[in-house]
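> how would this look folded up:
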Amino acid sequence: MKPFSQNIIANRIQCHAIHNPEGEIAVYGDRRIIWRELCVRVYKLANMLISEGVSPGDKVAFMFHNCPEFIEVNYAVQVAGAIPVPVNYRFSASEITYQINHCDARIFFFESAFNPAVEQAAHDLSGIGKFICKGDTLVAEAVAYETFLSSGSADDPQIPTDWSDVAVMIYTGGTTGFPKGVMLTYQGHLDMFCNLVAAIATRLADVNLSKDQMQHITHLVSVPGLGFLSGLINTKLGKKILRSKKTYKSVEKAIRYLFMHPESAGKIHKTTLRFMTPSMPYFHDASYQALMLCAFAGNICPVMIPGITFNPEAILKAVEAERPLVMANVPTGWKKLVSFEGFDNYDVSSLLAAATGAGVCPADLKQKIFDRFPGVVVIDVFGQTEMTPITTFRIDTSPETIKERSVGKSILDARVVDEKGKDVRQGDVGEIMYRSSWVMQGYYKDEEETEASLKDGWFKSGDLGYIDKDGEIRLVDRKKECINTGGEKVFPLEVEEVLHHHPHVEEVCVIGVPDEEWGHAIRAVVQPVSGADPDPEEIRAFCRGKLAGYKIPRSVVFVDELPLSPVGKVLRSKIRELYGQPATKMT
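Numbers count the residues shown, from 1 in each chain. Model prediction:
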């Protein structure tokens, strides 16, 4: 094999197969996937796709849970010069039909676990020329996954790709209308990763790291020569060096070189960083980005839990057995994990960094993470799919440093504007806007929405927040979620944060419902703790003294379970649909 390819992903995979052939690219239960084997399987799949008529720029859809097949199909599509389109495996038949027809996919990979929805949708997927299934299926003329793969050539197909090409099309959650296909480029991923690592390196001067934590962080960053930072971090000279623009540019340049030049691959395989994202499905960009980083770096290995559901016991067993250094979860995932009854039965001492994203992580939950994982660094990462997706991050080294609703400083240009698009004063609430080289290329087949979201190079996030005196972004809520009641504005997140402290509240979602007197009235939809039986007045009374009177829910609805998105976010639109009737006595 030659280490150089005209294809960006093939280039990286082949280099890792040469320089780190036995290195693990993924762990899935008892399965160990190494670079040498992955390279062969990816090339076989890519060549079969090409033989089926897939050309550069074509779309290939696939529907897998977090498993090795997701990884190798994704890379194979990219090696073939095509665009991978991951599909939400929780979709219904109609949702599958919409996304696959909208993206113009030519081929559809899926696993038999999702047969009920796929088999129902299959007859409406007129653009799909071939179905390929991992497992058995009733879909007509579907080909077995391993049969399809085994027929391909193991040679690099040498299909050129450019950094400006679309690397993946991730569909948004569709909380407002139909999901939109977000086109993200190779260049966008590269630029985001380079700036993120540089920002981490330079911000180490501003966090109170212990010596052990500093050594852990420099190990996580895994940049050759960066270990010298652990000896400088606690000196005035060291902090000055770290904070300098020169250091930022030097680190950013080093990462860019390592990720772009094949001959550099051998320099970054000395250690393997194991990580887990058990509550983040790969079809969502909060987790998908890690697979792009795996391809670029070559020394990062995801540890995946067999099965589709979030299983705290299985996760903790994997932590003990596989010794990952990093775990990332959505807040809901962290909440389930730290509250697991058998937590203390497992050794979780390997975990050095606990990352949270895809939603605001409450301060009290961060406190519980510190309690359960002594010595960890908690990294709060924020962004959205259209930004590839990271825009800001914050590092907390102890409970004393936690700031409520802060997601840290941005790693790109950020501003906060009013309804007219004018910058607001520091501390004033407005819509957050971003500008960077890793903003999406656009929404697929939707120029109107693309133009509405991008204004003079600035992306309108739809998030309301403000910049505090330390230059950190504090989130308030989604712009579209603001409730107007009696001429006053109420942000659901503020009310929910109070109610989350009630001992009988497991989950809560606050919505506005039509009201003749107030325009809209505040309603709390509450999922009680198992075994608890609170009454509406108890919930309302708990808010008194903690919230202004107009923010206290006027009605309370109790439900067995709140509908959640695939990444654990409460589906407020669905809750409005189910429980948003104007009846004032709906308790």
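
> next, count neighbours for residue 476.
The local packing of residue 476 (other CB atoms under 10 Å) involves 20 other residues. Placement of C-beta: from N, CA and C, glycine included.

> quick one, what contacts it?
Residue 476 sits next to 405, 429, 463, 464, 465, 466, 491, 493, 494 when contact means CB atoms under 8 Å, 6 or more residues apart in numbering.

> rerun that using 10 Å as the cut-off
With contacts defined as CB atoms under 10 Å, 6 or more residues apart in numbering, the neighbours of residue 476 are 360, 405, 429-430, 432, 463-466, 482, 489, 491, 493-494.

> go on, residue 35?
Residue 35 makes contact with 13-26, 265, 269, 298 under the criterion CB under 10 Å, 6+ apart.

> distance of it relative to residue 18?
9 Å (CB to CB, to the nearest Å).

> one more: residue 37?
Using CB to CB, residue 37 is found at 13 Å from residue 18.

> and if you look at residue 417?
Residue 417 is 49 Å from residue 18, where distance means CB to CB.

> about what we covered before: what about the contacts of residue 35, which are in strands?
With strands taken from DSSP state E, the overlap with the contacts of residue 35 comprises 24, 25, 26.

> quick one: which of those residues is most hemmed in?
The most crowded member of these, judged by other CB under 10 Å, is residue 25 (29 neighbours).

> picking up where we left off before, now pLDDT and distance to residue 570 too, for the ones in strands among the contacts of residue 35, in JSON lines please.
Shown next, in JSON lines, are those (pLDDT from 0 to 100; distance: CB to CB, whole Å):
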{"residue": "24", "pLDDT": "94", "distance to residue 570": "36"}
{"residue": "25", "pLDDT": "95", "distance to residue 570": "34"}
{"residue": "26", "pLDDT": "96", "distance to residue 570": "31"}
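
> okay, these in CSV with distance to residue 551 next?
Below are these laid out as CSV (distance: CB to CB, whole Å):
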residue, distance to residue 551
24, 51
25, 50
26, 47
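
> tell me the average confidence for whichever strand or helix holds residue 556?
Using DSSP states H and E, the element containing residue 556 is strand 555-558. Confidence for strand 555-558, expressed as mean pLDDT, is 92.

> who does it touch, helix- and strand-wise?
In terms of contacts (3 or more CB pairs under 10 Å, 6 or more residues apart in numbering; DSSP states H and E), strand 555-558 is packed against strand 505-515, strand 519-528, helix 536-543, helix 572-579.

> let's see it at 7 Å
The helices and strands touching strand 555-558, judged by 3 or more CB pairs under 7 Å, 6 or more residues apart in numbering; DSSP states H and E, are strand 519-528, helix 536-543.

> can you tell me what sits against the longest one?
When contacts are taken as CB atoms under 7 Å, 6 or more residues apart in numbering, the neighbours of strand 519-528 outside the stretch itself are 483-486, 490, 495, 499, 504-515, 534, 539, 551-559, 561-562, 575, 579.

> just the buried residues out of the residues you listed, in PyMOL syntax.
PyMOL command restricting the contacts of strand 519-528 to the buried ones, with burial defined by 16 or more other CB atoms under 10 Å:
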select buried, resi 483+485+490+495+499+504+505+506+507+508+509+510+511+512+513+515+534+539+551+552+553+554+555+556+557+558+559+562+575+579
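
> follow-up on the earlier one: tell me the most buried of the helices and strands packed on strand 555-558?
Across these, averaging neighbours per residue (mean count of other CB atoms under 10 Å) puts strand 519-528 on top, at a mean of 22.

> list the neighbouring strands of that one plus their orientation.
Here strand 519-528 is paired, per DSSP bridges, with strand 505-515 (antiparallel), strand 555-558 (parallel).

> nearest to residue 255, out of those?
Among those, the nearest to residue 255 by CB to CB is strand 505-515 (39.2 Å).

> what subset of the contacts of residue 476 is buried?
Neighbour-count burial (16+ other CB under 10 Å) is assigned, among the contacts of residue 476, to 360, 405, 429, 430, 432, 463, 464, 465, 466, 491, 493, 494.

> in helices, which of those residues fall?
Secondary structure from DSSP state H places 493, 494 of these in helices.

> okay, the buried ones among the contacts of residue 476 in JSON lines with distance to residue 285 next?
Shown next, in JSON lines, are the buried ones among the contacts of residue 476 (distance: CB to CB, whole Å):
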{"residue": "360", "distance to residue 285": "17"}
{"residue": "405", "distance to residue 285": "22"}
{"residue": "429", "distance to residue 285": "26"}
{"residue": "430", "distance to residue 285": "25"}
{"residue": "432", "distance to residue 285": "18"}
{"residue": "463", "distance to residue 285": "16"}
{"residue": "464", "distance to residue 285": "21"}
{"residue": "465", "distance to residue 285": "20"}
{"residue": "466", "distance to residue 285": "25"}
{"residue": "491", "distance to residue 285": "25"}
{"residue": "493", "distance to residue 285": "22"}
{"residue": "494", "distance to residue 285": "27"}
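
> re earlier: in helices, which of the contacts of residue 35 fall?
Using DSSP H, the subset of the contacts of residue 35 located in helices is 13, 14, 15, 16, 17, 18, 19.

> and of those, the nearest to residue 238?
Closest to residue 238, out of all of the ones in helices among the contacts of residue 35 and judged by CB to CB, is residue 19, at 32.1 Å.

> any idea how far residue 5 is from the closest one?
Counting by CB to CB, the gap from residue 19 to residue 5 is 14 Å.

> who has more neighbours out of those two?
The neighbour comparison of residue 19 against residue 5 (other CB under 10 Å) goes to residue 5, with 22 against 19.

> how close does that one sit to residue 399?
From residue 5 across to residue 399, the span is 48 Å (CB to CB).

> ok, residue 502 touching residue 542?
Yes. Residue 502 is within contact range of residue 542, at 5.1 Å (criterion: CB atoms under 7 Å).

> need the contact list for the nearest residue to residue 278 once chain neighbours are set aside.
Once flanking residues are discounted, residue 278 sits nearest to residue 315: 4.9 Å by CB to CB, 6 or more residues apart in numbering. If a contact means CB under 7 Å, 6+ apart, then residue 315 has 278, 305, 337 as its contacts.

> and the first one, how many neighbours?
When you say that, I think you mean residue 278. By the criterion of other CB under 10 Å, residue 278 has 24 neighbours.

> what does the pLDDT read for it?
Among the per-residue scores, residue 278 holds a pLDDT of 94.

> just say helix, strand or coil for it.
Secondary structure, DSSP: H, G, I helix; E, B strand; the rest coil: residue 278 is coil.

> begin at 36 from now on, thanks
That works, and once the first residue is 36, the last one we named lands at residue 313.

> enumerate every residue touching it.
Counted by CB under 7 Å, 6+ apart, residue 313 has contacts 340, 345, 350, 364, 368.

> for residue 67, see how far away it is.
Separation of residue 313 from residue 67 (CB to CB) stands at 18 Å.

> same deal with the second one?
From residue 340 across to residue 67, the span is 15 Å (CB to CB).
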